[in-house]
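Engineer: Give the three-dimensional model of this entry:
(chains A and B)
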Protein chains: 2
Amino acid sequence: MSLSYDSSGVRYDQLDGFKRACQRAARTTAGELAAHGYAEPATTRGESAYLIEAADHYLAHVEEGLGTKNLVADAVYAATGRNFYREIAIDTVATIVNDLATCGALPISVAMHAAVGDSGWFADEGRMQALVDGWAEGCRRAGAVWGGGETPALQGIVNPATVVLAGSAVGRIAPKHLRITGDVREGDAIVFLASSGVQTNGLLLAPSVIYVAFVRECQRRGVKLNYAAHVTGHGWRKLMRLEEPFVYEITAPREAPALFKFLMEAGPITRREAYATFNLGVGFAACVAPAAADAVLAAAQATGYDAWLAGRVRKDGARKAVVVPSLGLAYEGDTLQVR
Amino acid sequence: MSLSYDSSGVRYDQLDGFKRACQRAARTTAGELAAHGYAEPATTRGESAYLIEAADHYLAHVEEGLGTKNLVADAVYAATGRNFYREIAIDTVATIVNDLATCGALPISVAMHAAVGDSGWFADEGRMQALVDGWAEGCRRAGAVWGGGETPALQGIVNPATVVLAGSAVGRIAPKHLRITGDVREGDAIVFLASSGVQTNGLLLAPSVIYVAFVRECQRRGVKLNYAAHVTGHGWRKLMRLEEPFVYEITAPREAPALFKFLMEAGPITRREAYATFNLGVGFAACVAPAAADAVLAAAQATGYDAWLAGRVRKDGARKAVVVPSLGLAYEGDTLQVR
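Structural biologist: As a prediction, the model looks like this:
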């Protein structure tokens, strides 16, 4: 058997089945918003953040988790005494706020959820303080306040050797036209922003990049992003998260980062699996009108991001796919069910 | 050794030490709010929900978790085949939204965080659907929309036999004078609202009461709550969460619910430990001006809550304490460190 998420306790069919049941039930509660003066936008379910619409703004709400990356930090800590919990905390904030940013929402407040199996986990002062400092640093990079959190000890539920890291954010889109709605059109340019490594679905300990400042700068310059995707779980397949069918043709992939080359050449993972699972050096992707591509690249550069023009959007009837012709890769729409 | 949280992997000194480190670091991020047009209210840190102040409203943000109550549901399910995950889900929503309500914030959106150790946990359709249905029901009881969530499979972190249940909420206080600020005065009446059992820090499977409708009804009637406390962990000590020192004198405690009487009389738990740890039939408490007490009781009755006048607030210099003279109980302020 080849390496995949199946062997790591993650079966996306089961998770996605649960997610769909949640979304069906969640939709039945939309009427509760009216008493608060809000409404549910027609297309928000299944996007990366939940949006709530008022007359002159959207509120955005997201709950997200790090995944299992901290197990790697635990192993490194045990083997070398080097503690990477500062990076791990920034990573967790990144996974929360980048989801907001894909909708055009800027995070205002980020809350921490750190669940341990035994409160003794916090007795390691260095690790505990690294986690705290990293969370605050992540919030600053995102331009958000650290707005509290929850830190339970859950004996019998969480492995006492480690921690569940997750959290939530509240964001806002104002004025409303800054919302990134997914109005992709044939011929749109696809811009990639480099990741720092394997991002939050990964194996290395460089913290994920927080892309909030890029989205904010595009807004400030009046440069419109038609769609944005945060590339984490599902790898490059995440590009086709939009409901409407398009073919996302990546004509200028960069060389794979060294770790992934090693995994594909020496390890048990195929190229097809790698690009379907990991970010392969791409942390954030945006679809923009061809005439706006240069302005998007300039906004990225001005805020310190490594961005390039990576491909274009084609229309091919009802076909939905991500294709990388130079690598012989094609992922059809039915390989991604996250909505 | 007597029964206490110490024997269950929860040492509040370690947890509270971490919480205080978080709060110190979190305060350093408050300046990030200015660019969003918000500010941090001087007294919000350490309250049950984090508030963000705008010209004409507060936003409220909270992240909370169920604790380990679902382990009891797991044991009951294994022994009897009866699945209580609907109740468990309502409970989780209750613990999130009641924290908002203590600040006078009404929840708008509630997000789920359900982390499993193996995605196979979701393959039990009945249990999975009960969790989904209960979460939606909890949102309706809270008058909030179910705004998405996160459902990761965390192999090696979470026990594959169970689930970590938590979540977050976004709320709002408008107009701003509806905020419950903690302006308690000597002579204030203490009103208790009954719980459904042992609430979320407990052992039974009746879902916790959601007190949002009580707070909303007090607001609608123009009845002011000077302070509100959600009684969960720390039991009745939670009444003295406010920084300013007062003595909270409970003159009319009800008889303890049967389970607690049994635990105190037959079990290893002392009365002093029980009232310091469990809710003992009290789920929510409010301090109100003596002249408003009848109006508060009427608001509770009109919305279906079982409420009674339980005591009064006294000033005794710098002493902070919760006392129950008829039971011979007195908890001094230094037994509670949650700020």
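Engineer: In chain A, what residue spans correspond to strands?
Structural biologist: A:50-53, A:58-65, A:106-116, A:145-150, A:163-173, A:189-194, A:227-230, A:247-250, A:282-288, A:307-314, A:321-324, A:329-332 (DSSP state E).
Engineer: Output those strands as TSV; include the columns distance to chain B, mean pLDDT and mean neighbour count.
Structural biologist: Quick note: C-beta positions are derived from backbone N, CA and C, even for glycine. Converted to TSV, these look like this (distance: least, Cβ to the nearest Cβ, whole Å; pLDDT from 0 to 100; neighbours: other Cβ atoms under 10 Å in any protein chain shown):
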stretch	distance to chain B	mean pLDDT	mean neighbour count
strand A:50-53	4	97	25
strand A:58-65	4	97	28
strand A:106-116	4	98	28
strand A:145-150	4	95	28
strand A:163-173	3	98	28
strand A:189-194	22	97	23
strand A:227-230	13	94	25
strand A:247-250	24	98	22
strand A:282-288	19	96	26
strand A:307-314	23	98	19
strand A:321-324	23	97	22
strand A:329-332	21	96	17
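Engineer: Nearest to residue B:331, out of those strands?
Structural biologist: strand A:145-150 (23.7 Å; Cβ to Cβ).
Engineer: for the closest one, packing partners?
Structural biologist: In terms of contacts (3 or more Cβ pairs under 8 Å, 6 or more residues apart in numbering or on different chains; DSSP states H and E), strand A:145-150 is packed against strand A:106-116, helix A:125-142, helix B:12-27, strand B:50-53, strand B:58-65.
Engineer: hmm, the third one in reach of chain A?
Structural biologist: Read it as helix B:12-27. Yes: judged by Cβ under 8 Å from any Cβ of the partner chain, helix B:12-27 comes into contact with chain A through B:12, B:14-15, B:17-19, B:21-22, B:24-26.
Engineer: what's that helix packed up against?
Structural biologist: Packed against helix B:12-27 by the contact rule (3+ Cβ pairs under 8 Å, 6+ apart) you find helix A:125-142, strand A:145-150.
Engineer: any idea of the angle that helix forms with helix A:125-142?
Structural biologist: 30 degrees (axes from the mean of the first three to the mean of the last three Cα atoms, to 10 degrees).
Engineer: Identify each buried residue in helix B:12-27, please.
Structural biologist: Within helix B:12-27, the residues scored as buried using 16 or more other Cβ atoms under 10 Å in any protein chain shown are B:12, B:14-19, B:21-23, B:25-26.
Engineer: and of these, the nearest to residue A:129?
Structural biologist: The shortest approach to residue A:129 among those belongs to residue B:21, at 6.5 Å (Cβ to Cβ).
Engineer: which residues touch the closest one?
Structural biologist: Counting by Cβ atoms under 8 Å, 6 or more residues apart in numbering or on different chains, residue B:21 makes contact with A:128-129, A:132.
Engineer: For residue A:187, the count of nearby residues, please.
Structural biologist: By other Cβ atoms under 10 Å in any protein chain shown, the residues close to residue A:187 number 11.
Engineer: Tell me the spatial nearest neighbour of it, not counting adjacent residues.
Structural biologist: residue A:290 (5.9 Å; Cβ to Cβ, 6 or more residues apart in numbering or on different chains).
Engineer: Over to residue A:259?
Structural biologist: Closest to residue A:259 by Cβ to Cβ, 6+ apart is residue A:204, at 6.6 Å.
Engineer: My read is that that neighbour contacts residue A:260, right?
Structural biologist: No: the pair residue A:204 and residue A:260 does not pass the contact test of Cβ atoms under 8 Å, sitting 10.4 Å apart.
Engineer: who has more neighbours, those two?
Structural biologist: residue A:260 (22 against 16).
Engineer: ok now stretch A:144-160, how far from the chain's centre?
Structural biologist: A distance of 21 Å separates the centroid of the chain from that of stretch A:144-160, by Cα atoms, centre = their mean, to the nearest Å.
Engineer: Straight-line length of it, end to end?
Structural biologist: 31 Å (Cα to Cα, to the nearest Å).
Engineer: Could you tell me which ranges of the stretch 151-300 of chain A sit under the pLDDT cut-off?
Structural biologist: The model of the stretch 151-300 of chain A has pLDDT under 70 over residues A:197-203.
Engineer: Close to chain B: what parts of it are there?
Structural biologist: A:151-160, A:162-164, A:166-168, A:170, A:172.
Engineer: try it again with 7 Å
Structural biologist: Applying Cβ under 7 Å from any Cβ of the partner chain, one finds that the stretch 151-300 of chain A approaches chain B through A:151-159, A:162, A:164, A:166-168, A:170, A:172.
Engineer: which two in these are spaced the farthest apart?
Structural biologist: The span of those, defined through Cβ to Cβ, is set by A:156 and A:172 at 38.9 Å.
Engineer: How about the most centrally placed residue in chain A: what's its closest non-neighbour residue?
Structural biologist: Residue closest to the average C-alpha location in chain A (Cα atoms, centre = their mean): residue A:230, at 3.9 Å. Sequence neighbours aside, residue A:98 is the residue nearest to residue A:230 in space, at 4.3 Å (criterion: Cβ to Cβ, 6+ apart).
Engineer: My guess is residue A:118 contacts residue A:153. True?
Structural biologist: Yes: with contact defined as Cβ atoms under 7 Å, residue A:118 and residue A:153 form a contacting pair (6.1 Å).
Engineer: about what we covered before: got the contact list for the residue nearest to residue A:230?
Structural biologist: For residue A:98, the contacting residues are A:210-211, A:230, A:284, by Cβ atoms under 7 Å, 6 or more residues apart in numbering or on different chains.
Engineer: mind giving me CSV with these and columns for distance to residue A:51?
Structural biologist: Shown next, in CSV, are the contacts of residue A:98 (distance: Cβ to Cβ, whole Å):
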residue, distance to residue A:51
A:210, 20
A:211, 18
A:230, 16
A:284, 19
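Engineer: Just give me the closest of the residues you listed to residue B:77.
Structural biologist: Of all the contacts of residue A:98, residue B:77 sits closest to residue A:230, with 36.3 Å by Cβ to Cβ.
Engineer: pretty sure that closest one is touching residue A:285, no?
Structural biologist: No: applying Cβ under 7 Å, one finds residue A:230 not in contact with residue A:285, separated by 8.4 Å.
Engineer: Tell me what residue A:39 is bridged to.
Structural biologist: Using DSSP bridges, the bridge partners assigned to residue A:39 are residue A:53.
Engineer: Any idea how many residues pack against it?
Structural biologist: The number of residues near residue A:39, taken as other Cβ under 10 Å, comes to 15.
Engineer: can you check residue A:243 too?
Structural biologist: Neighbourhood size, residue A:243 [other Cβ under 10 Å]: 12.
Engineer: Then residue A:82?
Structural biologist: Number of residues near residue A:82 (other Cβ under 10 Å) recorded here: 9.
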